[in-house]
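K.L.:
Below is the sequence, then the predicted model.
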Amino acid sequence: MNDGNNISIGKSPLNYIITSLLFLILYMPTKFQIIKILLLFIMLFYLFLSGLSKSELMLSKSILRWTVLYMAFNVIFLFIGIHNNPNSEVLNIFGPVKIVWPILYFLTIIILFSSSKVNVNFEKLFWALGVILPLLMIVTFLLGMRGISMPFIDSLFNFQISGFGGFNSYFTPAITSLFFLGSFSIVYVLSAPKKKIYWLIPTSLIVLAALLIGRRALLFTLLLAPALYLIIETIQKGINIRALKNLILLFSVGAAFTIIVLKYSGLNLRIFQLDNVVVQSDLRSSQFESLIKGWKNNPFFGSGFGSNAGVVRSKTSGMYELSYAALLFQTGIAGFIGYLSLYFYLFIKLCKMYKKTSRKYYLAVAIGYMDLMVANATNPYIDSFDGMWIIFFLLAIINRYEVTKRNSREVL
């Protein structure tokens with residue numbers, strides 16, 4: 001049974017296999033993309049082998065409409081981009097992102113979790129990922145700073161360390177997942193009783209990883225998560241005294257933790273490079289001005305995916321850091337309003353689900369998603385195979401909720 005916060009898990013081999021494969025898919029970096037795709041198909045194939053009947057695959061009308069609209073927008077603006085850039089690699093670069101990967105995730109994640117036979121404990125799965133991913137970042141960062149290489153870890157966990165702008169720059173595709181997992185775990189720390197205080201473990205590790213790698217968008221969203229939690233909680237349920245106490249404790253421990261790391265680490269951390277913030281802001285300002293100028297040439301339907309607007313800082317043609325400004329330039333007012341309406345619908349729907357059920361799980365997912373979308377303004381995190389899973393994971397949750405009529409034993 002579901003006590004309001006815990007997510008039930010079945011004991012059948014199917015659920016254990018699905019959970020294990022899903023863990024590998026979410027953990028494995030981009031360079032194992034082909035393997036991740038094969039694992040997704042294995043999940044779906046095993047589901048059919050388990051004796052699934054057609055009647056058990058259920059899609060709600062709202063999720064089907066959402067998916068059809070999303071894919072229609074993708075196809076329309078992809079072809080506008082191809083038309084406006086006939087000699088470019090638009091289809092090769094953006095075809096997988098806008099068509100192939102969404103279809104793949106729809107067939108696996110949404111279809112897979114529409115079956116009542118599949119009951120994955122996402123609370124435990126996200127706790128494990130929230131511990132393992134930041135630990136790998138911390139270990140590889142600290143060892144890398146000292147020139148120590150561990151071939152086994154290096155081959156399984158994709159990361160890069162380099163000097164840039166006077167600081168140590170660290171990057172890994174797993175950062176995208178931290179936006180979601182960090183906010184998700186913070187909500188559990190704020191809302192959970194003392195017996196659930198073990199959520200401080202992934203929260204602390206993610207905060208430490210964020211401080212070391214210095215991604216300011218990640219640090220900002222980790223601060224935004226408790227604010228969003230208190231706002232939504234107060235609007236829907238009234239003032240939560242326990243949450244306020246937990247918030248004070250969280251900030252006290254977090255502040256002390258941050259001071260210790262920054263003062264005694266002895267590392268040239270990116271977060272200290274305030275001069276670079278000005279440089280980055282100037283570069284983004286130039287990029288923003290270029291995108292807005294380009295948008296004015298095609299204000300209603302844009303220039304299409306893959307189009308460039310002059311100032312480009314990405315190695316991938318047509319891809320910009322300022323993803324929402326790029327969305328306006330490439331899809332115009334029509335696409336900008338359409339996409340944002342689809343994205344915002346998911347957040348509103350999850351908040352309504354939380355209000356009706358009081359399951360903190362829905363609230364944690366909603367805030368984790370919103371923080372990712374805020375961070376997406378600075379980099380196109382959801383326009384990748386590693387980040388897009390979060391969008392379709394939300395669709396799967398909402399679909400499961402609607403088709404099971406809020407049966408607590410079957411809702412993800």
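P.N.:
Everything's here; your move.
K.L.:
In this structure Thr203 contacts Val189, no?
P.N.:
Yes: with contact defined as CB atoms under 8 Å, Thr203 counts as touching Val189 (5.4 Å). From N, CA and C alone the C-beta is placed, and that goes for glycine too.
K.L.:
list the contacts for Phe79?
P.N.:
When contacts are counted by CB atoms under 8 Å, 6 or more residues apart in numbering, Phe79 touches Gly304.
K.L.:
which stretches of the stretch 151-300 of the chain form strands?
P.N.:
In order along the chain, the stretch 151-300 of the chain carries the following strands (DSSP state E, counting those that start in this stretch): 160-164, 167-171.
K.L.:
Mind pulling the model confidence for Ile391?
P.N.:
With respect to pLDDT, Ile391 has a value of 92.
K.L.:
Can you read off the pLDDT for Val68?
P.N.:
For Val68, the pLDDT comes out at 94.
K.L.:
Arg65: neighbouring residues, count only.
P.N.:
Neighbourhood size, Arg65 [other CB atoms under 10 Å]: 11.
K.L.:
Report the backbone C-alpha coordinates of whatever helix or strand Leu129 lives in in PDB.
P.N.:
Per DSSP states H and E: Leu129 is located in helix 122-145. In PDB, the C-alpha atoms belonging to helix 122-145 read as follows (Å, rounded to 0.1, in the frame of the first residue of the first chain):
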ATOM      1  CA  PHE A 122      10.900   5.500  -8.100                       C
ATOM      2  CA  GLU A 123      11.500   7.000  -4.600                       C
ATOM      3  CA  LYS A 124      14.200   4.400  -3.900                       C
ATOM      4  CA  LEU A 125      15.500   4.600  -7.500                       C
ATOM      5  CA  PHE A 126      15.900   8.400  -7.300                       C
ATOM      6  CA  TRP A 127      17.500   8.100  -3.800                       C
ATOM      7  CA  ALA A 128      20.100   5.700  -5.200                       C
ATOM      8  CA  LEU A 129      20.800   7.900  -8.300                       C
ATOM      9  CA  GLY A 130      21.000  10.900  -6.000                       C
ATOM     10  CA  VAL A 131      23.800   9.200  -4.100                       C
ATOM     11  CA  ILE A 132      25.700   7.500  -6.900                       C
ATOM     12  CA  LEU A 133      25.800  10.300  -9.500                       C
ATOM     13  CA  PRO A 134      27.100  13.100  -7.300                       C
ATOM     14  CA  LEU A 135      29.600  10.600  -5.700                       C
ATOM     15  CA  LEU A 136      31.000   9.800  -9.100                       C
ATOM     16  CA  MET A 137      31.300  13.500  -9.800                       C
ATOM     17  CA  ILE A 138      33.000  14.300  -6.500                       C
ATOM     18  CA  VAL A 139      35.400  11.400  -6.900                       C
ATOM     19  CA  THR A 140      36.300  12.000 -10.500                       C
ATOM     20  CA  PHE A 141      36.700  15.800  -9.900                       C
ATOM     21  CA  LEU A 142      38.900  15.500  -6.800                       C
ATOM     22  CA  LEU A 143      41.100  12.700  -8.400                       C
ATOM     23  CA  GLY A 144      41.200  14.600 -11.700                       C
ATOM     24  CA  MET A 145      42.500  17.800 -10.000                       C
END
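K.L.:
these two touch, right, Lys293 and Ala309?
P.N.:
Yes: using CB under 8 Å, Lys293 is in contact with Ala309, at 6.9 Å.
K.L.:
When those two are compared, which one has more neighbours?
P.N.:
Using other CB under 10 Å, the more surrounded residue of Lys293 and Ala309 is Ala309, with 22 against 13.
K.L.:
so where is the stretch 201-350 of the chain shaky, pLDDT-wise?
P.N.:
Residues of the stretch 201-350 of the chain that meet the criterion pLDDT under 70 lie in 237-247, 249-251, 253-255, 257-282, 311-315.
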